Every structure is written in structure tokens, then in C-alpha cells.
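In: For reference, the sequence and a predicted model appear below.
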There are 2 protein chains.
Amino acid sequence: MAQPRDIIGRAPSLAETLAHRLREEIASGRLQPGERLPTEHQMAETYGVSRPIVREAVGRLKHDGLVTTRQGAGAFVAEPGAASTFRLDIADLSDKVEMRAIVELLMAVEATATAHAAVRRSDEDLARIGAQLDAMQDAIDRGEPGVDEDMAFHRAIVEATGNPYFRDLSQFLDHRVRYFIRTARANTARLGGLPQAVQREHEAIFGAIGKKDPVAARAAAEEHLRNAAARLAVYLTP
Amino acid sequence: MAQPRDIIGRAPSLAETLAHRLREEIASGRLQPGERLPTEHQMAETYGVSRPIVREAVGRLKHDGLVTTRQGAGAFVAEPGAASTFRLDIADLSDKVEMRAIVELLMAVEATATAHAAVRRSDEDLARIGAQLDAMQDAIDRGEPGVDEDMAFHRAIVEATGNPYFRDLSQFLDHRVRYFIRTARANTARLGGLPQAVQREHEAIFGAIGKKDPVAARAAAEEHLRNAAARLAVYLTP
DNA sequence: GAAGTCCTACTTGTCAGGCAACTTGGTTAT
DNA sequence: ATAACCAAGTTGCCTGACAAGTAGGACTTC
């Protein structure tokens, strides 16, 4: 079986490789929904691996909701939509186009989340957001970049939406973007650009949420993310 | 080891159960990033399962990017942000609140995608979208609900964004919502309500994209999804 | 005494074989 | 013809083992 390299250059396990192949078989439609997969013994033979490896690979697809297994009956590919995971594998971490696409998605989610937060936030939510804003200001005054405080500020906002899926997806994308930047350019700790500029944008967002103005909140969030993307761009290859 | 039931009532595999526990350990912070997990032998003993089961569980976390393993060294929990999958596990399929939260997220993604499509669409994109619109009309004329055509119409739009992440997430959420409705209420084939009403909303979206008007496109998409959510609500428990 | 080298215990990756639980389809008995 | 039954096949799980790689201590050498 072919042994492709992962993004770090390490050889993935046999199970990972086989899972990837099966995933492609399903995605391409060569394995139709409802169709039964070959038995574990057959797959073990055709791919030249042992049965535990096949089990591990099938287990991952099952984990992702792509197949279901019935003891004694076999493994069947699930219908599209049964998949319970959204996979965000980025080909080239340092590619500007890729990063722009991700940030664009983050912008859509977080801008809408901010608008929702403006409408639904309780006074306690607002207080929590304000506290994080102050914490960030304190960090800036101490001369720190305030990365953690920055993240906590945004987290407090998406928490205020009251929609756990918004919160989780937003956090996921946010972490992902920051992580990629960090690995692509390990030098800079200042992810958000000049802290003062970031803080002013944060204050605009906070103000809109305080006034319960969803349109202004969305606009402020979009402006903030647009600027953040522009600041990040300098770290990326053209 | 406790054997919880999954949403369908089947007992998940031991590996799935263990993976879930480890996932919680990480999410809760009891296992800090960079920290080493117990060895497979230790985990096998403490959880009362065999090593292959532990391997399968750890393999899934590795698959999701939550841990990394180094042969001879051990398994280490990755830093937040390294996770490459976004999980969308819904507790209660027929719960109105859950469904509303999901649809709200879908609305954010798809409305923004529609706005982007309006700005960036090529003439070929527009033609493809129009073709799907016509196909849906044909299906309606034949007295069919046109579910597949409906999905194809939306797919053509998100394709036109030129952003694969928008496309994939949109498709994922769309599939997910339709799937849940289908399983929660297996009776109805007409997911979208009256086809004529759906079609009129589709035409509004198409018109806005044709005029390259992002604001109108967003509004039309939001209107469409709001109505779709309202139509779905009758199938759900209060 | 300090530095470098080697070696051993440990950990993960993989394999082989086997038993239990379950499904399925055909066979047999009624 | 129908119902009960059985046997082959499949997944779920386990034990035991070996190979490959890591890490830390012991040993040698300067």
C-alpha cells in the first residue's frame, strides 16, 4: 500500500492511509450509500495489511459517521448527511489564498455571531465581554501583546449568542487560524497586529453590542476581521 | 467501563466509548496540551479493555488532530487549534431548540455564501445556477417534490463562491439538516414545504445573483432559510 | 571530574490466531 | 406452505508476540 507523507513529513500509519483511501472511495461515489464494504478479511488481503489495521481504519470512518457497522452483517456506507464531522484540512499552511478563504469563512461566522450577540446578550454577558476588554487593555498597558485576552474577548462574544454551534465553530476556526499562523511563522507572538489598533476595533464591537445594534455589531466585527486578515497577510507567501 | 447508549439506542463500541472519555479529558483541560497520555498498557488496564481497543481509541483522537504520537516516545495531547475536525453531534434530533440553532448556523454560512456568489459569479456560474432552477421547475411540473433539484440549486450557488471551505461547510450543514429531518420524521418527502413557494424564493435569489447584488442576495437567502426553518418547525416537538 | 558513547528498558506500530456474539440464508421438520 | 432450526459468515474483542524507535542511565574514555 502506498505510504503518502503528511503535512509535517511523517509517514502516517497504515490505518490512517487506508482510512484515507476508503474515504476517497466514498467521496468519489465508487462506494454508493447503502452499499456494503468488503469484509475485513478481504480488505486486509487486498490492501496487504492485517485485520486490526483494517478495523482501525473502518473505525475512524465509523467515528466520522461515514459508515455504520452491524455485527454479523458487515459495514455499510452511510448516506450523505450522516457524517457528523466537518473536516478542515488545509493543504498549504502558508498559502495566502488558502488562508484568505479560511478567514473569509471565519468572518462570516463571527460577524453573524456578533450580530446575534448584540441582540440577545444579557447584562451579565455584556459585563463579561467588558471585563475581557479591560483585561486586554491592562495587558497592553503592561506592554504585552494580549493574545490570550484577545481570544477571551471573542470567546465571550460568541458565548453570548446562546447558540453552542456558533460558539464551537467560531472557536474552532479561530483556533485554527491562529495555530496556522503560529506554525507558519513561529517568530511573531503578535498575531493581531498593533495591540492599540486591535483594541480600538474591540471597543467598537463592544459599543455596538452594548447598544444592542446588530447591524453596527456586524459591521464592526467585519471591519475588525478584515483588518486582522490584512495584518496577517504580510506573514504569508504571495 | 460504562457503556452509554448512542442516539439510536445501540451500544457504541468500547473504542468509541474510550475515545469519548479521552476527548472529554482533553476538552475539560484535565489533560493539558503537551502532556503525555498514559501508555497504552496503562490505559488498557485502568479502563479494563485490551490494548487494540486503546489503540483504536487513541487512533481516532489522532485522526481528529487532538493528539500526536511518536513511536517509542508516547502519545501527547496537541495544542488547541491543531484539531482538524469540527464535530457536530446533535443531542436530540427532534428538539426544536437544537434544530433552530443548527439552522441559524446554516443561515449564517449560506446567506454569506450567497452574497459572495453574487459578487464573484462568472457567467458560467450563473448559467449553472439557472439550469438547476429550471430543473427544479420541471420537477414541480411533473408533480415531484424536487428535493434533489433543490439541493443541486443551493450547491451550484455555494460552488460559485470560489471558496471551497464555504462550499464544504455549507454542504455539510445542509446535508445534516435534511438528514435529521428525514430520520426524525421519516414520513415526509417534502422537506422544503410547498414546492411553488420554495421555487419563488429560489427565483428571488437567482435574480439577485444575476444582478450581482450581494445585499439583495443575502436578504433573499435569509428569507428563504427563515421560511424553510418555519416549515420544518411543524415537524418537530415543541 | 567531565564529556561522549553505548546499551537497556520502555513505548508505539504491526501482525497472527482465536473465541464470542450476531446476522443471514438455506434446510429441515411440521 | 409455514415455521423452527442450523450452519456459514461477519464483526467485536482478546491474548501474545515481534519489530522499530525513543529516552535515560551506565559505562568508558579523556
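Out: Perfect, I can see it now.

In: drop to CA atoms for contacts and neighbour counts, all remaining ones
Out: Noted.

In: Kindly list the main-chain dihedrals of A:Thr85?
Out: When read as degrees, to the nearest 10, the backbone of A:Thr85 gives phi -130, psi 140.

In: Can you give me the neighbour number for it?
Out: Using other C-alpha atoms under 10 Å in any protein chain shown, the number of residues around A:Thr85 comes to 19.

In: A:Thr69 should be in a helix, yeah?
Out: No - counting by DSSP: H, G, I helix; E, B strand; the rest coil, A:Thr69 is not found in a helix; it is strand.

In: residues in contact with stretch A:150-162?
Out: Residues outside stretch A:150-162 that contact it (C-alpha atoms under 8 Å, 6 or more residues apart in numbering or on different chains): A:110, A:113-114, A:116-117, A:120-122, A:125, A:128-129, A:132-133, A:136, A:166-167, A:170-171.

In: what does the model give the residue of chain A found nearest DNA strand C for pLDDT?
Out: The minimum distance from chain A to DNA strand C, using C-alpha to the nearest atom of the strand, falls at A:Gly72 (3.2 Å). For A:Gly72, the pLDDT comes out at 81.

In: Among the contacts of stretch A:150-162, which are located in strands?
Out: Among the contacts of stretch A:150-162, none falls in strands (DSSP state E).

In: Derive a ChimeraX selection command for the buried subset of the residues you listed.
Out: ChimeraX command restricting the contacts of stretch A:150-162 to the buried ones, with burial defined by 16 or more other C-alpha atoms under 10 Å in any protein chain shown:
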select /A:110,113,114,116,117,120,121,125,128,129,132,133,136,166,167,170,171
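
In: and the contacts of stretch A:150-162, which of them are in helices?
Out: A:110, A:113-114, A:116-117, A:120, A:125, A:128-129, A:132-133, A:136, A:166-167, A:170-171 (DSSP state H).

In: Run through the neighbouring helices and strands of the host helix or strand of A:Gln196.
Out: Taking DSSP states H and E as the definition, one finds A:Gln196 inside helix A:195-210. Packing partners of helix A:195-210 (3 or more C-alpha pairs under 8 Å, 6 or more residues apart in numbering or on different chains; DSSP states H and E): helix A:96-120, helix A:123-141, helix A:214-233.

In: B:Lys96 is nearest to which of the ones you listed?
Out: Among the helices and strands packed on helix A:195-210, the nearest to B:Lys96 by C-alpha to C-alpha is helix A:96-120 (18.4 Å).

In: What residues does chain A have near chain B?
Out: A:16, A:52, A:56, A:59-60, A:63, A:80-89, A:101-102, A:105, A:108-109, A:112, A:163-166, A:169, A:172, A:174-179 (C-alpha under 8 Å from any C-alpha of the partner chain).

In: buried subset of these?
Out: The neighbour count (16+ other C-alpha under 10 Å) marks A:16, A:52, A:56, A:59-60, A:63, A:80-88, A:101-102, A:105, A:108-109, A:112, A:163-166, A:169, A:172, A:174-179 as buried among these.

In: ok, and which of those reach DNA strand C?
Out: Contacts with DNA strand C within these, counted by C-alpha under 7 Å from any atom of the strand: A:Pro52.

In: Who are the contact partners of A:His41?
Out: A:Arg51.

In: any idea which element A:Ala75 lies in?
Out: Counting by DSSP H and E, A:Ala75 is part of strand A:74-77.

In: Let me fix that, I meant to ask about A:Arg155.
Out: Secondary structure assignment for A:Arg155, by DSSP H and E: helix A:147-159.

In: In a strand, A:Leu31, correct?
Out: No - assigned with three-state DSSP, A:Leu31 falls outside any strand and is coil.

In: State the number of residues packed around it.
Out: A:Leu31: 17 surrounding residues under other C-alpha under 10 Å.

In: Quick check: it touching A:Val77?
Out: Yes - using C-alpha atoms under 8 Å, A:Leu31 is in contact with A:Val77, at 7.3 Å.

In: Only C-alpha atoms, please: export the helix holding A:Arg155 in CSV.
Out: Provided in CSV are the C-alpha atoms of helix A:147-159 (Å, rounded to 0.1, in the frame of the first residue of the first chain):
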residue,chain,number,x,y,z
VAL,A,147,-3.1,37.3,22.7
ASP,A,148,-4.9,35.3,25.3
GLU,A,149,-7.1,38.3,26.3
ASP,A,150,-7.9,38.8,22.6
MET,A,151,-9.1,35.3,22.3
ALA,A,152,-11.1,35.5,25.5
PHE,A,153,-12.8,38.7,24.3
HIS,A,154,-14.0,37.0,21.2
ARG,A,155,-14.9,33.9,23.1
ALA,A,156,-17.1,35.9,25.5
ILE,A,157,-18.9,37.4,22.5
VAL,A,158,-19.7,34.1,20.8
GLU,A,159,-20.8,32.7,24.2
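
In: Return the residues in contact with the residue of chain A most remote from its centre.
Out: Centroid-distance maximum for chain A: A:Gly72 at 37.1 Å, with C-alpha atoms, centre = their mean. By C-alpha under 8 Å, 6+ apart, the contact set of A:Gly72 is empty.

In: Next up, phi/psi of it, please.
Out: When read as degrees, to the nearest 10, the backbone of A:Gly72 gives phi 90, psi -20.

In: roughly how far apart are it and B:Arg51?
Out: Per C-alpha to C-alpha, to the nearest Å, A:Gly72 is found 23 Å from B:Arg51.

In: Then A:Phe86?
Out: A:Phe86 is 29 Å from B:Arg51, where distance means C-alpha to C-alpha.

In: Can you give me the pLDDT of A:Leu22?
Out: Reported pLDDT for A:Leu22: 87.

In: how's chain A carved up into domains?
Out: Listed domain ranges for chain A are A:14-77, A:96-233 (source: automatic domain parsing).

In: Of those, flag the one that's most buried.
Out: domain A:96-233 (a mean of 20; mean count of other C-alpha atoms under 10 Å in any protein chain shown).

In: now that domain: mean pLDDT?
Out: 86.

In: quick one: stretch A:143-153 to chain centroid distance?
Out: Offset of stretch A:143-153 from its chain centre (C-alpha atoms, centre = their mean, to the nearest Å): 20 Å.

In: closest one to A:Arg21 among the helices and strands packed on helix A:195-210?
Out: Once the helices and strands packed on helix A:195-210 are compared by C-alpha to C-alpha, helix A:96-120 is nearest, at 23.8 Å.

In: Chain A against DNA strand C: which residues are in contact?
Out: Proximity of chain A to DNA strand C, by C-alpha under 7 Å from any atom of the strand, involves residues A:13-15, A:48-53, A:70-73.

In: how near is A:Ala75 to A:Gly59?
Out: Taking C-alpha to C-alpha, one finds A:Ala75 at 10 Å from A:Gly59.
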